[in-house]
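Chemist: sequence plus the predicted model coming up.
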Amino acid sequence: MTPPSATAVRSRPSAPAAPPAPARPVPAMVRAPAVSVRARMHEAEHLLLWQVHGAADLVLDGEIVMLPAGSACWIPAGVVHSLAVRTDSVVLPLLFDAAATRSPAAGCTVLPIPEELRPLLMLSVQYQTSIICTPEAREQLEAQLMDLIRSRSALPLPVSEPARSIAEALRRNPADPRTAQVLAASVHVSYRTLERAFLQETGMTLHQWRITGRMLAATRLLREGIGIPAVAARVGYANVSAFGRVFKEHVGETPRRYARHHGAST
């Protein structure tokens, strides 16, 4: 077998190395400008404002409320409100037909939205702004949201850390005898700072919030069949008569009558 002809193979010069690609510029951080919405009122719709990031300042029927990240504000139909969203902040609105949805709160209510509840709010946004929903699913989800608002609006919790810490302590022990000044000192803030946080984030002063919490605890204890003197002591009242007066003012009937209506022994 004849070997192939020994044809010389000339090597080609290697191509010059390509110059390095220029470094891509790092995109500037997206900056969301501040936005203001003038005073308005939804006559036929309830509004839930979910503060996803940053903060916004609301004016609700003349009252100024700061809405921090991780919270939402329920605004019933017919309430005049304005909104100022701060720079680099995100707030998402959800609307509910007032004719089909009974407001779960008597007035405007600020609610903390912990991490585990974010999917519920995200689903609500999806169902209201896209075709990814069914009427049945939306109805079920809105019912869950109303239950959430109803359960938290009875005694809304502040969202800022010092005020929330005090609120949790008072919920655990309604009879806590510490004054507001001592409570403020325990979380290293001034009394005025603590008072302002409660008013802006719950719509109540610390005193009002505390009394409401005591009366809610008292109704629960009375439904459990605990005697009135013991209930009074457990919510911070040494005087049963004083407890009875405050209870009737907040609940609308005496502790004895309330217990009787709810099948508890006194």
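Modeler: Looks like it arrived, so ask away. Residues are numbered from 1 along each chain as shown.

Chemist: quick one: buried residues of stretch 181-192?
Modeler: For stretch 181-192, the neighbour count (16 or more other CB atoms under 10 Å) marks 183-184, 189 as buried. (C-beta placed from N, C-alpha, C; glycine too.)

Chemist: distance between it and the chain's centre?
Modeler: 23 Å (CA atoms, centre = their mean, to the nearest Å).

Chemist: same check, this time on stretch 194-201
Modeler: 14 Å.

Chemist: likewise stretch 108-121?
Modeler: For stretch 108-121, the distance to the chain centre is 5 Å (CA atoms, centre = their mean).

Chemist: in its sheet, what does the helix or strand of the chain with the lowest mean pLDDT sit against?
Modeler: Sorting the helices and strands of the chain by mean pLDDT, DSSP states H and E puts strand 109-112 at the bottom, at a mean of 79. Strand pairing for strand 109-112, using DSSP bridges, gives strand 71-75 (antiparallel).

Chemist: and the very next helix or strand once past the partner strand, average pLDDT?
Modeler: Remark: after strand 71-75, the chain's next helix or strand is strand 81-85, criterion DSSP states H and E. Average pLDDT, strand 81-85: 94.

Chemist: residues in contact with whichever helix or strand comes after strand 81-85?
Modeler: Next helix or strand after strand 81-85 toward the C-terminus (DSSP H and E): strand 90-97. Contact with strand 90-97 is made by 32, 42, 44-54, 56, 67, 83, 85, 121, 124-125, 128, 142, 145, as judged by CB atoms under 8 Å, 6 or more residues apart in numbering.

Chemist: give me the buried subset of those residues.
Modeler: 42, 45-52, 54, 56, 67, 83, 85, 121, 124, 128, 142, 145.

Chemist: re earlier: in helices, which of the buried residues of stretch 181-192 fall?
Modeler: Under the assignment DSSP state H, these contribute 183-184 to helices.

Chemist: of the buried residues of stretch 181-192, which is the nearest to Ala169?
Modeler: Leu183 (7.8 Å; CB to CB).

Chemist: report pLDDT for the closest one.
Modeler: Taking Leu183 on its own, its pLDDT is 96.

Chemist: any idea how far Phe243 is from it?
Modeler: Noted for Leu183: a distance of 21 Å to Phe243, by CB to CB, to the nearest Å.

Chemist: helix/strand/coil for Pro158?
Modeler: Following DSSP: H, G, I helix; E, B strand; the rest coil, we place Pro158 in the coil state.

Chemist: report the contact partners of the closest residue to it other than its chain neighbours.
Modeler: Leaving out its chain neighbours, the residue that sits closest to Pro158 by CB to CB, 6 or more residues apart in numbering is Glu201, at 4.0 Å. When contacts are counted by CB under 8 Å, 6+ apart, Glu201 touches 65-66, 68, 71, 110, 156, 158-160, 163.

Chemist: from the residues you listed, which is closest to Val231?
Modeler: Pro156 (23.4 Å).

Chemist: now the helices for the protein?
Modeler: 118-129, 135-153, 161-172, 180-186, 191-202, 206-223, 228-234, 240-251, 255-261.

Chemist: weakest of those helices in terms of mean pLDDT?
Modeler: Mean pLDDT per stretch puts helix 135-153 lowest among those, at a mean of 82.
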